[in-house]
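1. model the following, please.
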Amino acid sequence: MPGNRAVIYKGPGDVAVETIDYPGLELKDGPGVNPANVGRQIPHGAILKVVASNICGSDQHMVRGRTTAPPGLALGHEITGEVAEVGRDVEFIKVGDLVSVPFNIACGRCVNCKAGKTGVCLNVNPDRPGSAYGYVDMGGWVGGQAEYALVPYADWNLLKFPDKDRALEKIRDLAMLSDIFPTGYHGAVTAGVGTGSTVYVAGAGPVGLAAATSAFLLGAAVVIVADLQKERLEQARSFGCETIDVSEGDPKDQIERILGVPEVECAIDAVGFEAHGHGTDAGSERPATVLNTVMDVTAAGGAVGIPGLYVTGDPGAADEAAKTGSLSIRLGLGWAKSLSFTTGQCPVMRYNRQLMQAILHDRTQIAKNVNATVIPLDQAPQGYADFDKGAARKYVLDPHGLIK
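-> Numbers count the residues shown, from 1 in each chain. Below you'll find the predicted structure:
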């Protein structure tokens, strides 16, 4: 078997590229693997030669030490690859296929999967509904920031690109289908974005930029993106967004200067639990700030999409309550305004095929909008460090030098 170099979480602020086992069609014991999953047979799985695997903000939460992720965990849940091997029960996916891997691991058999709720599959994680590759408390499926990766239930999970050569020409864009683009799109859809909508997106990181891209794709009239990082705001402006620097004060006042009214019809929280305050509080963590702001700026009867990550365990939280995911949110305000809220993992399979078509037929430029930046696997530690400093880039790891 060939070697398998992968990005490994070593401890807070520390990742390294190390050699791990080549994947087999069995889930073995290792860091973060639920004991109930050890020895699980995967005859329905496929082994991929990874073509692209992205660094995600959710990975960054772990690397900052803001979760209970164990050292030694192989990272990475945004995977695009070429099928190198299939199990005996795989019927439709073939060796050589170029495929996108939804970050949600789903069985396709349970009641949730059959209802399209693949983000909360009941059969892949003994701890709780829902699973993902290379992520804390998600069952222990090995991450895909590596040369090779195992995907279970391959016929169900894998999205095959219909024309391999054409797909390779657009691989930077198609690499966004595993998570970031569907997640941003889910945020926009659940916020009710449609033709002529006014939209507020909190966060100009990659998911926020993907949400803004999605809002335009859905027909929004105005998309306002808020952040603290000037480089990220500049990236948002590069494809037509209005922007707000929340260090300058209350977003509501700045929205009014843009729209003439202090509210929008749709709002998206693309920040999550490591939120900072506004104005003079911008240098301090205020984990409930974004949730309270989106309720404040969304018009009565509107909707809020929350693709930003919130966790049940945050060892580095600013207060004791936040360490267990308890935040002081103004739920009464949201209730009084009859707002709708959608949380949780994006069910990637609900959107990825349609978004693939939008990419292949030149209806969107997601890679350009999120500033996709390809780096070799060996540069992953530097990519994590730069991303942590607020670089306005979406880092795409290229383990085999296949991205032209």
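2. separation between the residue sitting furthest away from the middle of the chain and His278?
-> No residue in the chain sits farther from the centre than Gly260, which is 32.9 Å out by CA atoms, centre = their mean. For Gly260, the distance to His278 equals 21 Å [CB to CB, to the nearest Å]. To be clear about C-beta, it is placed using only N, CA and C from the backbone, and glycine gets the same treatment.
3. you'd agree Ala372 is up against Met176?
-> Yes - if you go by CB atoms under 8 Å, Ala372 and Met176 touch, sitting 7.2 Å apart.
4. name the residues contacting each of those two.
-> Counting by CB atoms under 8 Å, 6 or more residues apart in numbering, the residues touching both Ala372 and Met176 are Ile366, Lys394.
5. ok, the two, which is more surrounded?
-> Higher neighbour count among Ala372 and Met176: Met176, with 31 against 22, using other CB atoms under 10 Å.
6. could you pull up the contacting residues of the more buried one?
-> Going by CB under 8 Å, 6+ apart, Met176 touches Asn54, Ala210, Ile366, Ala367, Val370, Ala372, Lys394.
7. what pLDDT does the model give it?
-> Looking at Met176, its pLDDT stands at 98.
8. so it sits in a helix?
-> Yes - assigned with DSSP: H, G, I helix; E, B strand; the rest coil, Met176 falls within a helix.
9. return the distance of it relative to Gly96.
-> 23 Å.
10. got it, and Gly134?
-> Gly134 is 25 Å from Gly96, by CB to CB.
11. ok, these two, which is more surrounded?
-> Gly134 (32 against 10).
12. need the nearest residue in space to the more buried one, chain neighbours excluded.
-> Excluding its sequence neighbours, the residue lying closest to Gly134 (CB to CB, 6 or more residues apart in numbering) is Gly143, at 2.0 Å.
13. Leu150 too?
-> Pro23 (3.8 Å).
14. might one say that that neighbour is in contact with Val142?
-> Yes - Pro23 lies in contact with Val142 (CB under 8 Å); the separation is 6.5 Å.
15. how does this protein divide up, domain by domain?
-> For the chain, the TED database gives the domain ranges 4-179+347-398, 181-343.
16. Val199 against Val223, yeah?
-> Yes - taking contacts as CB under 8 Å, Val199 lies within contact range of Val223: 4.8 Å.
17. show me where pLDDT drops low in this protein?
-> Judged by pLDDT under 70, the chain has its weakly predicted residues at 1.
18. show me the helices in this protein, by range?
-> 57-63, 111-114, 154-157, 164-169, 171-174, 180-190, 206-217, 230-237, 251-259, 289-297, 331-336, 352-360, 366-369, 380-388 (DSSP state H).
19. joint contacts of Val199 and Val223?
-> Joint contacts of Val199 and Val223 (CB under 8 Å, 6+ apart) are Ala212, Ala215.
20. quick one: terminal-to-terminal distance for stretch 101-115?
-> One end of stretch 101-115 to the other measures 19 Å (CA to CA, to the nearest Å).
21. run the chain-centre distance for that stretch.
-> On the basis of CA atoms, centre = their mean, to the nearest Å, the separation between the geometric centre of stretch 101-115 and that of its chain is 17 Å.
22. in it, what's buried?
-> Across stretch 101-115, burial judged by 16 or more other CB atoms under 10 Å covers Val101, Pro102, Phe103, Asn104, Ile105, Ala106, Cys107, Gly108, Cys110, Asn112, Cys113.
23. so the second one makes contact with Thr183?
-> What it means is Pro102. No - with contact defined as CB under 8 Å, Pro102 does not reach Thr183; the gap is 10.5 Å.
24. report the buried residues of stretch 337-350.
-> So, applying 16+ other CB under 10 Å, buried residues of stretch 337-350: Leu339, Phe341, Thr342, Gly344, Gln345, Cys346, Pro347, Val348, Met349, Arg350.
25. do stretch 242-253 as well
-> Glu242, Thr243, Ile244, Asp245, Val246, Ser247, Asp250, Pro251, Lys252.
26. nearest residue to the fifth one in space, please, no chain neighbours.
-> Taking CB to CB, 6+ apart as the measure, Val246 lies nearest to His278, with 4.6 Å between them; neighbours along the chain are not counted.
27. next one: Ser58
-> The nearest residue in space to Ser58 (CB to CB, 6+ apart) is Leu309, at 5.4 Å.
28. for that neighbour, give its distance to Thr68.
-> 14 Å.
29. now for Pro102 and Thr183: what residues contact both?
-> Val348.
30. return the residues in contact with the residue lying closest to Leu327 once chain neighbours are set aside.
-> What sits nearest to Leu327 in space, not counting adjacent residues and going by CB to CB, 6+ apart, is Ala288, at 4.1 Å. Taking CB under 8 Å, 6+ apart, we find Ala288 in contact with Ala275, Leu327, Ser328, Ile329.
31. which residues does the nearest residue to Phe92 once chain neighbours are set aside contact?
-> By the measure of CB to CB, 6+ apart, the closest residue to Phe92 outside its immediate chain neighbours is Asp155, 5.0 Å from it. Listed by CB under 8 Å, 6+ apart, the contact set of Asp155 reads His44, Val90, Glu91, Phe92, Ile93, Gly108.
32. nice, that's everything, thank you.
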